[in-house]
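K.L.:
give me a 3D structure for the following:
(2 chains)
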Amino acid sequence: GAVVSQHPSWVICKSGTSVKIECRSLDFQATTMFWYRQFPKQSLMLMATSNEGSKATYEQGVEKDKFLINHASLTLSTLTVTSAHPEDSSFYICSAGDLIGQFFGPGTRLTVL
Amino acid sequence: QKEVEQNSGPLSVPEGAIASLNCTYSDRGSQSFFWYRQYSGKSPELIMFIYSNGDKEDGRFTAQLNKASQYVSLLIRDSQPSDSATYLCAVYSGGGADGLTFGKGTHLIIQP
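P.N.:
Residues are numbered from 1 along each chain as shown, chains lettered A, B, ... in the order given. Below you'll find the predicted structure:
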């Protein structure tokens, strides 16, 4: 299957700082990537759909000014959590797809102190 | 609104038995169906996909699809403790850049 990488795998930051998470499709081009968030013992929640060369589409209730998404190339999408607060602490996972399905990156665990 | 329903479990199965995971979906126009496995603290891993009615087998895993009943299942034969995980059902209904619609997952426990 397709390979999707994420960086960093974990990050700890102070409240009020911004954190950037990168998602890369390593062996295929992805015009669309997806960003999910998962709190402990809860299901995946789609945050936004990242579209190469255009604005991201955000799910209801997700603040687009807080979660900035940039999809500048066919292999890279970034999610920036701006002015992070402890309630933003979560497991952030990106995915990208090819003909046989969506493949997930390994996830980024964000802890905001 | 597209919905995918799964029993959250936990589903407890003895080692060596068959684990049966079920999923129903609301969009009759759904085209593709996927099963993901997620271990605690890890991201989901694609294990099976199915497009056509009937059964699809891959090793110990069998996916079953019944579009008329809007039902998809995953059977795990000879269950192993390492199969203990949350299994997510996902459905693709087309629409170009649309993502998958995920169920909330079934927590499977294989008892040694």
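
K.L.:
can you check which strand is longest in chain A?
P.N.:
In terms of residue count, the longest strand belonging to chain A (DSSP state E) is strand A:90-98.

K.L.:
now for that one, which elements pack on it?
P.N.:
Using 3 or more C-beta pairs under 8 Å, 6 or more residues apart in numbering or on different chains; DSSP states H and E as the contact criterion, the elements in contact with strand A:90-98 are strand A:4-7, strand A:19-25, strand A:32-38, strand A:76-81, strand A:101-104, strand A:108-112. In short, each C-beta sits where N, CA and C put it, glycine included.

K.L.:
name the residues of the first one that come out as buried.
P.N.:
The reference is to strand A:4-7. Across strand A:4-7, burial judged by 16 or more other C-beta atoms under 10 Å in any protein chain shown covers A:4, A:6.

K.L.:
on that earlier part again, now the angle from the longest strand of chain A to strand A:19-25?
P.N.:
20 degrees (axes from the mean of the first three to the mean of the last three C-alpha atoms, to 10 degrees).

K.L.:
quick check: buried residues in strand A:90-98?
P.N.:
So, applying 16+ other C-beta under 10 Å, buried residues of strand A:90-98: A:90-97.

K.L.:
can you name the two of the residues you listed that sit furthest apart?
P.N.:
Distance extremes for the buried residues of strand A:90-98: the farthest pair is A:Ser90 and A:Gly97 at 22.4 Å, using C-beta to C-beta.

K.L.:
for chain B, what are the nearby residues on chain A?
P.N.:
Within chain A, the positions near chain B by C-beta under 8 Å from any C-beta of the partner chain are A:1, A:31-32, A:34, A:43-44, A:46, A:49, A:51, A:57, A:91, A:93, A:95, A:100-107.

K.L.:
contacting residues around the residue nearest the centre of chain A?
P.N.:
Central residue of chain A (C-alpha atoms, centre = their mean): A:Trp35, 3.9 Å from the mean position. Residues in contact with A:Trp35 (C-beta atoms under 8 Å, 6 or more residues apart in numbering or on different chains) are A:23, A:46-50, A:67, A:69, A:77, A:79, A:92-94.

K.L.:
what is the least confident helix or strand in chain B?
P.N.:
strand B:101-102 (a mean of 88; mean pLDDT, DSSP states H and E).

K.L.:
before we move on, back to that, out of the helices and strands packed on strand A:90-98, flag the one nearest B:Ser84.
P.N.:
Counting by C-beta to C-beta, B:Ser84 lies closest to strand A:32-38 out of the helices and strands packed on strand A:90-98; the figure is 18.3 Å.

K.L.:
can you tell me the strand partners of that closest one and which way each runs?
P.N.:
Sheet pairing here is set by DSSP bridges, and for strand A:32-38 it gives strand A:45-51 (antiparallel), strand A:90-98 (antiparallel).
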